[in-house]
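Asks: build me a structure from this.
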Amino acid sequence: MTDKVKEMSFLDHLEVLRWHLIRSSLVIFICSFFTFINREFIFDFILLAPKSQHFVTYELFCKLSHLLNMGDLLCIGNHNWQLNNFSMAGQFSAHIIISLISGICISFPYVFWEFWSFIKPALKKTEKKLTNGVIFFTSILFSMGILFGYFLVAPLSINFLYTYELSSQVTNTIGLSSYVSIISTICLANGILFELPILVYFLTRIGLVTPSFMKKYRRHAMVVTLILAALITPPDVISQVLVAIPIIFLYEVSIFVSKKVIEGANIMRSFINIFLSIFFSIIVIFLLYWIVFVLFSYIQYLIDPLYQYRYYFVEIIESIDLNDKFEYARQFAILVIVYFLYKKVIGFLR
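Replies: Coordinates of the predicted model:
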């Protein structure tokens, strides 16, 4: 801590904070104004996109369903329903609210930089060194949370809430303010949720959280996550797992962060190692998937000439559909590979 910081009075600190808040507010206003004047793009191509059945998430789920030989199980139905405005100023209010929220999301890295610039002078030299890169990782995690909420949680939540039915005598009439509230709340909540590793880092630094405490309640966290995922997703395991895995992974990363803080390691360097491990793990998953796919396809190619003679075998063999059996075997092999890879990554984090 420098002499200049030591000599600053309480009012001096308030003055410095005031200018940080002024600059942050100015940047938020500029970003909000930018989104305000781009009304058609923000609403037609971003905010209202999840209500269309052609939204990218719905199409990917449908393709995944066909790829896994599940028919149309994961395909989302027609969402081309009409939004209704129930107040005179409803559309203008929604425009203002979405512009402000969009401005906050866009300017988040700068706003956090201003906040950190106010906090950083009070840190010791070793603490500053250990927190190098905190602005970058905080911004990345917040952006990932927003995207996760927008592309996965929000569409599945809309599908669940719109199709939920108490009685056939009740008809849904969706209001604009309700729709805007659902989308914005989900995206912001996920953006904040993805800051869990950063929050755990600081809570561990001040002694409120320990790795043993988080490991003790790991199963409870997984159960709660799976229950929440089951509530907002269609009634199938695939979509529930797609929502739950990133949140569970964040919890595991938070345990790793807490452990490294206790050990006194350079947490930002450890974060880089984690991201590299995830990147290479994804590459390995795709490589193994195609290796297994080619292997089973080749085996099927070798056996296909014998398929025409299946009627000469016993009845139990005759009833077997080889194509289905190989498809099931391929899916099972992929699940086994992903499971062991997940265990390896979790073992590394622990």
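
Asks: burial of residue 40, as a residue count?
Replies: For residue 40, the count of nearby residues is 8 (other CB atoms under 10 Å). C-betas here are computed from N, CA, C, even on glycine.

Asks: mind giving me the domain split of this structure?
Replies: Using automatic domain parsing, the domain parsing of the chain gives 1-137, 284-349.

Asks: which of those domains has the lowest average pLDDT?
Replies: Sorting those by mean pLDDT places domain 284-349 lowest, at a mean of 55.

Asks: what residues are up against residue 29?
Replies: residue 103 (CB atoms under 8 Å, 6 or more residues apart in numbering).

Asks: what's the spacing between it and residue 50?
Replies: Separation of residue 29 from residue 50 (CB to CB, to the nearest Å): 27 Å.

Asks: what about residue 43, how many neighbours?
Replies: Using other CB under 10 Å, residue 43 has 16 neighbouring residues.

Asks: roughly how far apart are it and residue 91?
Replies: For residue 43, the distance to residue 91 - CB to CB - is 10 Å.

Asks: put the alpha carbons of stretch 212-222 into PDB.
Replies: Extracted C-alpha coordinates of stretch 212-222, given in PDB (Å, rounded to 0.1, in the frame of the first residue of the first chain):
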ATOM      1  CA  SER A 212     -13.600 -29.600   2.500                       C
ATOM      2  CA  PHE A 213     -16.900 -27.700   3.100                       C
ATOM      3  CA  MET A 214     -17.700 -27.600  -0.700                       C
ATOM      4  CA  LYS A 215     -16.800 -31.300  -1.100                       C
ATOM      5  CA  LYS A 216     -19.000 -32.200   1.800                       C
ATOM      6  CA  TYR A 217     -22.000 -30.600   0.100                       C
ATOM      7  CA  ARG A 218     -21.100 -31.600  -3.400                       C
ATOM      8  CA  ARG A 219     -23.900 -34.300  -3.600                       C
ATOM      9  CA  HIS A 220     -26.500 -31.900  -2.300                       C
ATOM     10  CA  ALA A 221     -25.500 -29.300  -5.000                       C
ATOM     11  CA  MET A 222     -25.700 -32.000  -7.700                       C
END
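
Asks: in that stretch, which residues are buried?
Replies: 214, 221 (16 or more other CB atoms under 10 Å).

Asks: give the rounded mean pLDDT of that stretch.
Replies: For stretch 212-222, mean pLDDT rounds to 83.

Asks: and if you look at stretch 175-189?
Replies: Taken as a whole, stretch 175-189 has a mean pLDDT of 88.

Asks: list the contacts of it.
Replies: For stretch 175-189, using CB under 8 Å, 6+ apart, the contacting residues are 47, 50-51, 83-87, 90-91, 93-94, 97-98, 101, 105, 146, 149-150, 153-154, 157-158, 161.

Asks: PyMOL command for the buried members of these?
Replies: Of those, the buried ones go into a single PyMOL selection, burial set by 16+ other CB under 10 Å:
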select buried, resi 47+50+51+83+94+98+101+105+146+149+150+153+154+157+158
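
Asks: counting only strands, which of the contacts of stretch 175-189 make the cut?
Replies: Counting by DSSP state E, these place none of their members in strands.

Asks: of the contacts of stretch 175-189, which belong to helices?
Replies: Members of those lying in helices (criterion: DSSP state H): 90-91, 93-94, 97-98, 101, 105, 146, 154, 157-158, 161.

Asks: which helix or which strand is home to residue 173?
Replies: When elements are assigned from DSSP states H and E, residue 173 belongs to no helix and no strand.

Asks: what about it, how many neighbours?
Replies: By other CB under 10 Å, 11 other residues sit near residue 173.

Asks: just checking, it touches residue 85?
Replies: No. Look at residue 173 against residue 85 with CB atoms under 8 Å: they stay out of range, at 11.2 Å.

Asks: residue 106: what's it in contact with?
Replies: 31, 34-35.

Asks: redo those as CSV? Include secondary structure, distance to residue 140 and neighbour count.
Replies: Listed next are those as CSV, based on DSSP: H, G, I helix; E, B strand; the rest coil; distance: CB to CB, whole Å; neighbours: other CB atoms under 10 Å:
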residue, secondary structure, distance to residue 140, neighbour count
31, helix, 18, 21
34, helix, 22, 15
35, helix, 21, 20
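
Asks: ok, so of the residues you listed, who is nearest residue 195?
Replies: Checking the contacts of residue 106 against residue 195 with CB to CB, the nearest one is residue 31 at 19.7 Å.

Asks: which element is the nearest residue to the closest one once chain neighbours are set aside on?
Replies: The shortest distance from residue 31 to any non-neighbouring residue, by CB to CB, 6 or more residues apart in numbering, is to residue 103 (3.8 Å). Per DSSP H and E, residue 103 falls inside helix 90-119.

Asks: can I get the CA coordinates of the helix or strand following that helix in CSV?
Replies: Next along the chain after helix 90-119, taking DSSP H and E as the criterion, comes helix 125-130. Below are the C-alpha coordinates for helix 125-130, written out as CSV (Å, rounded to 0.1, in the frame of the first residue of the first chain):
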residue,chain,number,x,y,z
LYS,A,125,1.7,-6.5,-3.5
THR,A,126,1.4,-10.3,-3.2
GLU,A,127,-2.4,-10.1,-3.3
LYS,A,128,-2.2,-8.0,-6.5
LYS,A,129,0.1,-10.6,-8.1
LEU,A,130,-2.3,-13.4,-7.2
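
Asks: can you name every helix or strand that helix 125-130 contacts?
Replies: If contacts are counted by 3 or more CB pairs under 8 Å, 6 or more residues apart in numbering; DSSP states H and E, helix 125-130 sits against no helix or strand.
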